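Q: only geometry, no sequence info:
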C-alpha cells in the first residue's frame, strides 16, 4: 500500500507485485504498467489520472478520473488478467492494444463510449454498468454472457462481435433466479438502450429466462448475425425493427417483439420461425422458412394488424393467428397441419398442399384465383370450411379416403357437385 501521491505526467509508472496492492493517494502518470503473476491491484482512488493502462497480472480494479486507453506502456502491449478486471472511468474506455480477461470484465464509463474492438481481444463474461456507445469484440471461443444496464437513458448503441463463441446470452444487470422463498424467486430485469443493437455469435443468441431486451428508441433496430438459434421470446421484449442474418441454413428464430416499429427481415432462409409481434402487421416474403412457421400478432393495443405470407415450402407445420386478415401471396406447401385463426375473410388464390395434415378455414373464403387445396392421400387430412366460399374461380379439394371435407357445416361427398356460395 502506498500513501503518497504519485505524480509523473509525461512518465510511466510500473508496479510489480504478486500480492495485493492498494492506495490511499492518487496516481498521475501518462502510462501505468501493472505486473506480477497472480497480483491483485485495488487502485480505486477517484483522483487517479492515467492516460494509458497496460499489464500482465492477476486481478485489476482500477478507477480513473478521465478517459482511459488500453495500450502499450514500456514493453507491455495491452492488458491481460488471469482474474477479474474492473475499470471505472470518468470518460471513454478505448484501446490500441489487446485486452484479455480470464475472469469477469466490468466496465463503467459514465457518459463516455466503450470501444474495445481489437480482433485479438479475449473477453468472456462482461458487465457494462454505464456507457454511451458500446463496442465489444472478442475472439474467445467459449460461451459468454453480456450484462447491460437496466436503467433507461444510459446506453445508446451496442455492438457485440463474438464470432467464435458458441453462445452469447444478453441480460439486464441484476436479473437472476433464486430458489429461496424470501427472494420471491424470479427477479427479471431488462437490458435497456435507446439506439440500435447488433450481435454476432458463432452459435446461439438468447436473453436467458430472467431478462429481456428493451430498445426504447422510436426507430431502434436489432441485427442478429448467428450460426445458431436465436431465442428472444420473453413477452416484455421491445426489439425494434429486426434483421436476422443466419450464417447457416439450420438456424431457427423464436422472437417476441412489442415495438411499434417492429418488422422482421430475413436475409436468407432459416429452418423454423416463431414470431409474435402484437402491435404491427407483418409480411413474410417468399421461401424464407423451410421447417415450421408460427406467426401471431394478436393481443396488442392495435388490432388492425394483418399477416401476409408469400410462397413457402415447409417440412413442418404452419400456424397463423391474427386479429385482422391473413393473406397469401404464393403457394403454401407443408409437411403437417395448417392452422388459421382470423375474424376476417380469407383470400385464397394459390394452391395449398399439406402432406397428411388437415386445414380449417375459420371464416368465409374469397377466391381471388384458381386454387387447389390438397391434404394428402394416406392417411390424408380433413378440409374444413367453417363458412361460405365465394369468387368467380375454380377450387379443387383433394383429400384421402379417410378424411372428411366440410363446407359451411355440410359434409361434402366425393360426388357432391354443388357447394354453398355466399349470395
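A: Structure's in. What do you need? Not measured: the values here are computed from a predicted model. Numbering: from 1, shown residues only.
Q: Quick check: buried residues in stretch 136-149?
A: Judged by neighbour count using 16 or more other Cβ atoms under 10 Å, the buried positions of stretch 136-149 are 136, 137, 138, 139, 140, 143, 144, 145, 146, 147, 148, 149. Every C-beta, even on glycine, is put in place using the N, C-alpha and C of the backbone.
Q: How many residues are close by residue 249?
A: The tally of other residues near residue 249 (other Cβ atoms under 10 Å) stands at 11.
Q: right, I mislabeled it, should have said residue 100
A: Each residue near residue 100 was counted by other Cβ under 10 Å, and the total is 21.
Q: again, but for residue 265
A: Residue 265 is flanked by 13 other residues according to other Cβ under 10 Å.
Q: which residue packs closest to it, ignoring adjacent ones?
A: residue 243 (4.5 Å; Cβ to Cβ, 6 or more residues apart in numbering).
Q: Could you do residue 2 as well?
A: residue 23 (5.9 Å).
Q: And for residue 44?
A: Leaving aside its sequence neighbours, residue 44 sits nearest to residue 63 (Cβ to Cβ, 6+ apart; 4.5 Å).
Q: center of the protein, which residue is that?
A: residue 232 (5.1 Å; Cα atoms, centre = their mean).
Q: Quick check: that residue touching residue 214?
A: No. Between residue 232 and residue 214 there is no contact, the gap being 11.6 Å when judged by Cβ atoms under 8 Å.
Q: Low-confidence stretches in the stretch 251-400 of the chain?
A: 302-303 (pLDDT under 70).
Q: and residue 130, how far is that from residue 124?
A: 20 Å (Cβ to Cβ, to the nearest Å).
Q: coming back round to it: so how many other residues sit close to the residue nearest to residue 2?
A: 21.
Q: Provide the backbone phi and psi angles at it.
A: When read as degrees, to the nearest 10, the backbone of residue 23 gives phi -140, psi 150.
Q: In contact with it: list those residues for me.
A: 1, 2, 3, 42, 43, 44, 45 (Cβ atoms under 8 Å, 6 or more residues apart in numbering).
Q: Among those, find me the one that's closest to residue 371.
A: Nearest to residue 371 out of the contacts of residue 23 is residue 44 (Cβ to Cβ; 71.6 Å).
Q: related to what we said a few turns ago, could you give the bridge partners of the residue nearest to residue 265?
A: residue 223, residue 265 (DSSP bridges).
Q: residue contacts, the residue nearest to the centre of the chain?
A: With Cβ under 8 Å, 6+ apart, residue 232 has these contacts: 205, 206, 207, 212, 213, 239, 254, 255, 256.
Q: Surely residue 115 is in contact with residue 95?
A: Yes. Taking Cβ under 8 Å as the definition, residue 115 is a contact partner of residue 95 at 7.2 Å.
Q: dump the residue contacts of the residue nearest to residue 362 when sequence neighbours are not counted.
A: Using Cβ to Cβ, 6+ apart and skipping residues adjacent in sequence, the residue nearest residue 362 is residue 386, 5.1 Å away. Residue 386 sits next to 360, 361, 362, 363, 408, 409 when contact means Cβ under 8 Å, 6+ apart.
Q: Between the contacts of residue 23, identify the one with the most neighbours.
A: In the contacts of residue 23, the most neighbours by other Cβ under 10 Å go to residue 43, 21 neighbours.
Q: Am I right that that residue is in contact with residue 21?
A: Yes. Between residue 43 and residue 21 there is a contact under Cβ under 8 Å: 7.1 Å.
Q: quick one, helices of the stretch 51-200 of the chain?
A: Per DSSP state H, counting those that start in this stretch, the stretch 51-200 of the chain carries no helices over any range.
Q: quick one: low-confidence parts of it?
A: 174-187.
Q: let's see it at 90
A: 150-154, 172-190 (pLDDT under 90).
Q: tell me the phi and psi of residue 348?
A: Backbone torsions of residue 348, given as degrees, to the nearest 10, read phi -120, psi 120.
Q: pretty sure it contacts residue 396?
A: No. Under the criterion of Cβ under 8 Å, residue 348 makes no contact with residue 396, lying 11.6 Å away.
Q: Please identify which of the two sits among more neighbours.
A: In terms of neighbours (other Cβ under 10 Å), residue 348 is the more surrounded of residue 348 and residue 396; the figures are 23 against 10.
Q: Tell me how far that one lies from residue 242.
A: The value you get for residue 348 to residue 242, if Cβ to Cβ is used, is 29 Å.
Q: next one: residue 52
A: 39 Å.
Q: which one of these two has more residues nearby?
A: More crowded of residue 52 and residue 242, by other Cβ under 10 Å: residue 242, with 25 against 20.
Q: residues touching that one, list them.
A: With Cβ under 8 Å, 6+ apart, residue 242 has these contacts: 221, 222, 223, 224, 255, 257, 262, 263, 264, 265.
Q: could you redo the last one with a cut-off of 7 Å?
A: 222, 255, 257, 263, 264 (Cβ atoms under 7 Å, 6 or more residues apart in numbering).
Q: first to last residue in stretch 365-377, what's the distance?
A: Terminal residues of stretch 365-377 are spaced 24 Å apart (Cα to Cα, to the nearest Å).
Q: Which residues does it contact?
A: Applying Cβ under 7 Å, 6+ apart, the contact partners of stretch 365-377 are 345-359, 381, 383, 385, 389-391, 393-400, 403.
Q: Give the buried residues for that stretch.
A: 365, 366, 367, 371, 373, 374, 375, 376.
Q: Tell me which two of these sit farthest apart.
A: For the buried residues of stretch 365-377, the maximum inter-member distance is 25.0 Å, found between 366 and 376 (Cβ to Cβ).
Q: Filter the contacts of residue 232 down to the ones in strands?
A: 205, 206, 212, 213, 254, 255, 256 (DSSP state E).
Q: out of the residues you listed, which one sits closest to residue 338?
A: Among the ones in strands among the contacts of residue 232, and counting by Cβ to Cβ, the member closest to residue 338 is residue 254, at 19.8 Å.
Q: what about the closest one, distance to residue 153?
A: From residue 254 to residue 153 the distance is 29 Å (Cβ to Cβ).
Q: Neighbour count: these two, which is higher?
A: Taking neighbours as other Cβ under 10 Å, residue 254 and residue 153 compare with residue 254 leading, 16 against 10.
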